[in-house]
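Q: Give me a model of this one.
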Amino acid sequence: MLSIVISSIPTYYISNWVADFLGVDMDAPGTPGASLDSFDYLLLSIMFLDFIFSLCFVIYLICLYKKWSFKQGVSLLILGKNIPSHWFDKPNDT
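A: Now for the predicted structure:
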């Protein structure tokens, strides 16, 4: 679960950069119940895609450090379960 927290940090900074680039005021009070415009949907989709990319990158780095496969890293870090070792390719120790 720490990987989710770590990967949300770049999402915050990138979404603020995108909002500044588009001229969207992130701290605007807004009107409750107002509809979203196209910039809001663009910003939300960029934030979502950036979060997924950052999460995959953090998992990849952890897998490199622990010498796991990416599939094993996702199952352990995201799903929180240890799937059988025979599902994974054994690395050559030679």
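Q: Distance check, F70 against I78.
A: In this structure, F70 and I78 are 11 Å apart, going by Cβ to Cβ, to the nearest Å. C-beta here means a position set from N, CA and C on the backbone, and glycine is covered the same way.
Q: Kindly apply the preceding question to L64 instead.
A: L64 sits 17 Å away from I78, taking Cβ to Cβ as the criterion.
Q: again with V58
A: The spacing between V58 and I78, counted by Cβ to Cβ, is 11 Å.
Q: How about S54?
A: Distance check for S54 against I78: by Cβ to Cβ, it reads 13 Å.
Q: same thing with D50?
A: When distances are taken as Cβ to Cβ, D50 and I78 turn out to be 17 Å apart.
Q: More neighbours: those two, which one.
A: With other Cβ atoms under 10 Å as the criterion, D50 and I78 differ in neighbour count, and D50 comes out ahead with 19 against 13.
Q: Tell me which residues of whichever helix in the chain runs longest come out buried.
A: Counting by DSSP state H, the longest helix found in the chain is helix 38-66. Neighbour counts over helix 38-66 (16 or more other Cβ atoms under 10 Å) mark L43, I46, M47, D50, F51, S54, L55, V58, I59, I62, C63 as buried.
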